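K.L.:
here you go, sequence then predicted model.
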Amino acid sequence: MAAPMIAPRAESHTLLVEEERLRRHIEERLAVRTRSAPLADVRALLVSPADDGDKTLVVASDASAAERIYLYVHVAAHLALGHHLPLVTIVEGTPGIDRLDGDAHRHLEAEKLARAMWWGRSDGDLTAPLSVRGSAILRELVSRGVTRAALRSVLLALRAAYYDLHIERALARTPLAAWLRDALCVTAVIAVAPQLSD
């Protein structure tokens, strides 16, 4: 069983739940065990063994839940494309920055597939939450840096008001609260990995 990822304090519960769901998926379905370690100038390393054993994804210990979500989807795309040859290490740099291993074409392919998987039409295991995936307005707002930042500020203000006014119990199980949680989750992931936006 994989060692649990250490989450930084004050991370959104929704992000942590989503991150755990995706981590479990890549471990159970794709045979990728996750570990965290201090990494300099690298966000993650995917190591494929010579035999058919589990692959290991080492994620920077300072990576946020949103970054880990992106890395899980991106690594799944690399696996789907067959980039995980035995004894090959895939090095992931900071999202949106040139990769360190010099194989930009493979990473570009994986970025495109990760975006398609994230916004997928089916209810797949590596997709964004369903309640926001079908929202054309949200997808448009997160596709540009300026509107993405403004949307995140508005959503954070709404969340703060939700708790400050002590209405979370009354609204906790409503579609509006679920949409707000999911929209914040998706916006946080797109903020750290803008290449996932349309």
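P.N.:
Yes, it's here.

K.L.:
what residues does the helix or strand hosting residue 163 touch?
P.N.:
Element membership for residue 163, per DSSP states H and E: helix 145-164. Helix 145-164 is contacted by residues 138, 140-142, 168, 171, 177, 180, 183-184, 187-188, 190-191, 194, 197 when judged by CB atoms under 8 Å, 6 or more residues apart in numbering. Every residue, glycine included, has its C-beta placed from N, CA and C.

K.L.:
which among the residues you listed gets closest to residue 20?
P.N.:
Among the contacts of helix 145-164, residue 188 lies closest to residue 20 (CB to CB), at 15.1 Å.

K.L.:
next, count neighbours for the closest one.
P.N.:
Neighbourhood size, residue 188 [other CB atoms under 10 Å]: 24.

K.L.:
for the chain, what spans make up the helices?
P.N.:
Using DSSP state H, the helices of the chain run over 13-28, 65-80, 104-118, 130-133, 136-142, 145-164, 168-171, 175-192.

K.L.:
hey, least reliable of those helices by pLDDT?
P.N.:
For the helices of the chain, the weakest mean pLDDT is recorded on helix 168-171, namely a mean of 70.

K.L.:
give me phi/psi at the residue of the chain positioned farthest from its centre?
P.N.:
Most distant from the centre of the chain: residue 165, at 30.2 Å, with distances by CA atoms, centre = their mean. The phi and psi values for residue 165, taken as degrees, to the nearest 10, are phi -80, psi 0.

K.L.:
distance check, it against residue 155.
P.N.:
Separation of residue 165 from residue 155 (CB to CB, to the nearest Å): 16 Å.

K.L.:
most centrally placed residue in this protein?
P.N.:
residue 69 (2.1 Å).

K.L.:
pretty sure that residue contacts residue 25?
P.N.:
No: contact status for residue 69 versus residue 25: not in contact, 11.1 Å apart, counting by CB atoms under 8 Å.
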